[in-house]
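>>> Just a sequence and a predicted model for now, questions to come.
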Number of protein chains: 4
Amino acid sequence: MGSSSLPDRTELKQFYRRRGFGRQLGFGDSPAIVVIDFIRAFTDPSYDVGSDFHEEVAATSRLLQCARPINIDVIFTTTAYHEGEREARFFHDKVPALRDLRLGSPAVEVDPRLSPLPTETLLVKKFASAFFGTALHSQLAAGRIDTLLITGCTTSGCVRATAVDALQYGFRPIVIRDSVGDRAEAPHEANLFDIESKYGDVVGLDEALSYLRNLAKRSRVASGVPAS
Amino acid sequence: MGSSSLPDRTELKQFYRRRGFGRQLGFGDSPAIVVIDFIRAFTDPSYDVGSDFHEEVAATSRLLQCARPINIDVIFTTTAYHEGEREARFFHDKVPALRDLRLGSPAVEVDPRLSPLPTETLLVKKFASAFFGTALHSQLAAGRIDTLLITGCTTSGCVRATAVDALQYGFRPIVIRDSVGDRAEAPHEANLFDIESKYGDVVGLDEALSYLRNLAKRSRVASGVPAS
Amino acid sequence: MGSSSLPDRTELKQFYRRRGFGRQLGFGDSPAIVVIDFIRAFTDPSYDVGSDFHEEVAATSRLLQCARPINIDVIFTTTAYHEGEREARFFHDKVPALRDLRLGSPAVEVDPRLSPLPTETLLVKKFASAFFGTALHSQLAAGRIDTLLITGCTTSGCVRATAVDALQYGFRPIVIRDSVGDRAEAPHEANLFDIESKYGDVVGLDEALSYLRNLAKRSRVASGVPAS
Amino acid sequence: MGSSSLPDRTELKQFYRRRGFGRQLGFGDSPAIVVIDFIRAFTDPSYDVGSDFHEEVAATSRLLQCARPINIDVIFTTTAYHEGEREARFFHDKVPALRDLRLGSPAVEVDPRLSPLPTETLLVKKFASAFFGTALHSQLAAGRIDTLLITGCTTSGCVRATAVDALQYGFRPIVIRDSVGDRAEAPHEANLFDIESKYGDVVGLDEALSYLRNLAKRSRVASGVPAS
């Protein structure tokens, strides 16, 4: 087996669609945003596990600017560990670079360009999925959220794992293509393809912004406030 | 971005390793085997969602023949739903083909070539991961299993999701390359690459068989039975 | 320590309230009903683990009669095991009577007086909580349920565990006093007290029926159908 | 129904045993200790939700002194929330006193009499069970723990919920009677009774200390170190 079949991803998409895969889920009525692991260790290229994600961080920033005034839940995640390596033993064995992500260190702080607010939840996770070992699903269910807008890094790691779990836990996963990044292009594209085929929608930033603006308009109409 | 970078997966692998990814986990002392969704609907090409996995099923069969006499836990999964579509709403919206997987129908029976025993657990799952919405992790923990040998289909779907969760839940995921299959080569390879880089080991059938034979030998030695 | 302080449960309630416990949650907008383990083995006194719950089953039946016409989700649970006892090892060690609950046997069928419909979910659980090892939370979240009406048995076992989990997973737990039963009075009352103090509301059947009737009226008004 | 039947808890115990409940699980080979919510807000009576648990804290301290030199995993939990109350909405509605448990405040620090070490895991939980929304089960599975020694507060709240979950997740729950406390005697006793009947063992501190000392002796023998 090889990569020879990859150039024809369009063909593969058609093959999937004929078999009943890859329908559009669409946006729901009540979204939340999760910003996955946009922490210094991953967004600052001077760290071993870091990359240059300045475009993806900027796109996420634009999304947050649109979401915060209309009171959309924003949830940040970080990956961080106590000393002693008992919390995620096999993950650390597989990816020794994770051992540097110490709780309390600057490496695990959310990228300051995103300026998290004190009322925004910060989930400390230990593994790939933002749902694993956290109460994210509980917060979403209690808030009657039906749509999870997913941003962050990396597409082939924590973003993919979170998209799969969002679907499993009962929410519409919508990955914002411009706001998710990876260390390499091939896994980035391959994982967006899998997500779109089987787990969630993949949309551009503009589409997500339009959706949020329409939600805001609708809620102003519902509450009798004239649109500006 | 495109698939142009994929031919150099070797290069990408080296890039990852330099950054502290993709170390070998190795086999543990106490394995279980999970056979994911090798059910008629997926292994019989006459079904819409079916493919020809006769080689992968045969490889899985050889693994089971080696494992059963030495009392290794074998767990089968199927994906099956009640009428009414309330159990996995967004998954069904995304992949309408799943609606045909009715509880009690032949489509959701384990492929008879694998002849599951009445003492082997059959998990009925609703989503991709064999861990989601099942007590698999509980059974593994109570059995003090440390290694999960993963077979089944599809590599880019339930196998990947199960490998990620196995790591998250605290077990060594070992995917047996010859025993996992996909509808298309590109996603198969791309997902094995991701798994090997970040979540588990990917080994050949022969390596898995040697491991099981050594376990058997060790346990005979420990119990004073001469090796045959 | 002894049971001497129990007669003054009213006093204890006041003590708790002064400390900020035991507020009323209230009903939400979108309920589902879970019927926990009203299976032959538990509701037929001729089984070792059975009791006479005919009043509680009748009260549950009245609830279902009110809920079904207005399309409220009804979820049944049963507790059932494969041969071989690998699924719930320590639970079986603790409560050997559970070993008789074999998958496929009449013992684990839902009490026929409740006549489950084919479109109503039947969850096969292995432990106490209806949420553990099942996709119940996912179904509730995807259905945007905010309130879980809890009936079944036993109050000090699966009902309590499910009420605690309902709160944890992000739903309002409402236990219907007349529809939950136990093998003995003291644990029944002690657990309703704990639930009311810390996890959910405990209401009478009449209150639950009024709530459902009001929901039905509201939805008729909303859809322009005149109330009968 | 009333408390009249409670004085005869011994009778109830016999009734349960005849029906196949309440067998002893026994200690396993590989324990961990969880210290649940012994944080200032709960162990300092000057807090609204605080009680005087100096005896239970002292008993826990003795347990830790015995466990640390032989390298037993110790896991602390605290309950703590971000501003904004989105993380545990219905729990806060039910028990408004919880709102004072702010992340970063002295109220949510582990009682200094227990002096947690930097290598000991501190789980920040949002609900009752130490397993809910945390990776505790993963850490225990990866460490091949089979026995969870449970201390902390309160018996009728987080201790009970954690004991139920420990069993569900595949571990032997052993509650140490002298090391768990409650705000009131009746719920304390009623919950120890339920735990002993259905979920785990309840043992005295001396029994737990003997068990740990025997483990230490065995491991010294195994490694050839003469007993002191």
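Nice, thanks for sending it over.

>>> Now A:L122: which helix or strand?
According to DSSP states H and E, A:L122 maps onto strand A:121-125.

>>> so how far is that strand off the chain centroid?
Strand A:121-125 sits 13 Å away from the centroid of its parent chain (CA atoms, centre = their mean, to the nearest Å).

>>> Enumerate the positions of that strand that are buried.
Buried residues in strand A:121-125, counting neighbours by 16 or more other CB atoms under 10 Å in any protein chain shown, are found at A:T121, A:L123, A:V124, A:K125. The way it works is simple: take the backbone N, C-alpha and C, and place the C-beta from them, glycine included.

>>> Which member of those is positioned nearest chain B?
Chain B lies nearest to A:K125 out of those, by CB to the nearest CB, at 9.7 Å.

>>> packing partners for the strand holding A:L122?
Counting contacts by 3 or more CB pairs under 8 Å, 6 or more residues apart in numbering or on different chains; DSSP states H and E, strand A:121-125 packs against strand A:73-79.

>>> before we move on, back to that, just checking, which of the buried residues of strand A:121-125 comes out lowest on pLDDT?
Among the buried residues of strand A:121-125, A:T121 carries the weakest pLDDT, at 93.

>>> follow-up on the earlier one: what strands flank the strand holding A:L122, and is each parallel or antiparallel?
When sheet partners are counted by DSSP bridges, strand A:121-125 sits next to strand A:73-79 (parallel).

>>> roughly how far is the first helix or strand past the strand it pairs with going along the chain from the heart of the chain?
Once the chain leaves strand A:73-79, the next helix or strand it forms, by DSSP H and E, is helix A:89-94. Using CA atoms, centre = their mean, the mean C-alpha position of helix A:89-94 is found 23 Å from that of the whole chain.

>>> if I read this right, A:P187 contacts A:T155, doesn't it?
Yes: when contacts are counted by CB atoms under 8 Å, A:P187 is listed as touching A:T155 (6.8 Å).

>>> For chain A, which segments are assigned as helices?
Ranges of helices in chain A, per DSSP state H, are A:9-18, A:40-43, A:54-67, A:89-94, A:136-142, A:160-168, A:185-198, A:205-222.

>>> Which residues outside the shortest one are in contact with it?
Where contact means CB atoms under 8 Å, 6 or more residues apart in numbering or on different chains, the residues beyond helix A:40-43 that reach it are A:47, A:49-51, A:53-54, A:57, A:100-101, A:106-109, A:111, A:153-154.

>>> Neighbour-wise, give me the winner out of those residues.
For those, neighbours were counted by other CB atoms under 10 Å in any protein chain shown; the highest total belongs to A:C153, with 28 neighbours.

>>> nearest residue to it other than its sequence neighbours?
Of all residues not flanking A:C153 in the chain, A:G181 sits nearest, at 4.8 Å (CB to CB, 6 or more residues apart in numbering or on different chains).

>>> Now do the contacts for that neighbour.
Per CB under 8 Å, 6+ apart, neighbours of A:G181: A:S51, A:F53, A:E55, A:E56, A:C153, A:T154, A:T155, A:H188.

>>> can you rerun that using 6 Å?
By CB atoms under 6 Å, 6 or more residues apart in numbering or on different chains, the contact set of A:G181 is A:F53, A:E56, A:C153.

>>> For the second one, give its distance to A:T154.
Relative to A:T154, A:E56 is positioned 10 Å away (criterion: CB to CB, to the nearest Å).

>>> The residue nearest to A:G133 when sequence neighbours are not counted and D:R213, how far apart?
Distances taken as CB to CB, 6+ apart place D:A135 nearest to A:G133, at 3.2 Å, with adjacent residues excluded. Remark: distance between D:A135 and D:R213 (CB to CB) = 30 Å.

>>> Of those two, which one has the most company?
Set side by side, D:A135 and D:R213 show more neighbours around D:A135, with 24 against 12, by other CB under 10 Å.

>>> Can you read off the backbone torsions of the more buried one?
Main-chain torsions, D:A135, degrees, to the nearest 10: phi -100, psi 30.

>>> residues from chain A in reach of chain C?
Contact residues, chain A versus chain C (CB under 6 Å from any CB of the partner chain): A:S138, A:A141, A:A142, A:R144, A:Y169, A:G170.

>>> Tell me how many other residues surround the residue lying closest to the last one once chain neighbours are set aside.
Here the nearest residue to A:G170 in space, its sequence neighbours aside, is C:A141; by CB to CB, 6+ apart that works out to 3.2 Å. Each residue near C:A141 was counted by other CB under 10 Å, and the total is 27.

>>> Could you do A:G224 as well?
Per other CB under 10 Å, the neighbour tally for A:G224 reads 6.

>>> which ones are touching it?
No contacts exist for A:G224 under CB under 6 Å, 6+ apart.

>>> A:N71 versus that one, what's the distance?
From A:G224 over to A:N71 the distance is 17 Å, taken as CB to CB.

>>> centre of the chain versus the longest strand anywhere in chain A, how much separation?
The longest strand of chain A (DSSP state E) is strand A:172-181. On the basis of CA atoms, centre = their mean, strand A:172-181 sits 6 Å off its chain's mean C-alpha point.

>>> Paired strands for it, with orientation please.
strand A:147-153 (parallel), strand A:201-203 (parallel).

>>> In a markdown table, list those along with mean pLDDT and distance to C:Y199.
Listed next are these as a markdown table, based on pLDDT from 0 to 100; distance: least, CB to CB, whole Å:
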| stretch | mean pLDDT | distance to C:Y199 |
| --- | --- | --- |
| strand A:147-153 | 98 | 27 |
| strand A:201-203 | 98 | 36 |
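
>>> Quick check: which of these is nearest to C:D194?
Among the strands paired with strand A:172-181, strand A:147-153 comes nearest to C:D194, with 33.6 Å by CB to CB.

>>> can you pull the buried residues of that closest one?
For strand A:147-153, the neighbour count (16+ other CB under 10 Å) marks A:T147, A:L148, A:L149, A:I150, A:T151, A:G152, A:C153 as buried.

>>> Pretty sure A:V175 is one of the things the fourth one touches, is it not?
Going back to what we said before, that points to A:I150. Yes: assessed by CB atoms under 6 Å, A:I150 is found in contact with A:V175 at 4.7 Å.

>>> any common contacting residues for those two?
A:A163.

>>> residue ranges with poor pLDDT in chain A?
Along chain A, segments meeting pLDDT under 70 span A:1-8, A:225-228.

>>> Excluding sequence neighbours, find me the nearest residue to A:Y81.
The shortest distance from A:Y81 to any residue other than its chain neighbours is 5.4 Å, reached at A:E87 (CB to CB, 6+ apart).

>>> Does the one you found touch A:K126 like I think?
Yes: counting by CB under 6 Å, A:K126 is a contact partner of A:E87 at 5.1 Å.

>>> Get me the contact residues on chain A for chain B.
A:1, A:3, A:5-7, A:12, A:19-21, A:23, A:25, A:48, A:90-91, A:93-97, A:127-128, A:132, A:156-157, A:161, A:164, A:167-168, A:172, A:184-186, A:189-190, A:194, A:198.

>>> Enumerate the positions of stretch A:156-165 that are buried.
Across stretch A:156-165, burial judged by 16+ other CB under 10 Å covers A:S156, A:G157, A:C158, A:V159, A:R160, A:A161, A:T162, A:A163, A:V164, A:D165.

>>> Quick one: end-to-end distance for stretch A:134-149.
End-to-end distance of stretch A:134-149 (CA to CA, to the nearest Å): 18 Å.

>>> same thing with stretch A:111-128?
Start-to-end span of stretch A:111-128 (CA to CA) is 18 Å.

>>> who's in contact with it?
A:38, A:43, A:57, A:74-80, A:87-88, A:91, A:110, A:133-134, A:157-158, A:161, B:164, B:168, D:82-84, D:135.
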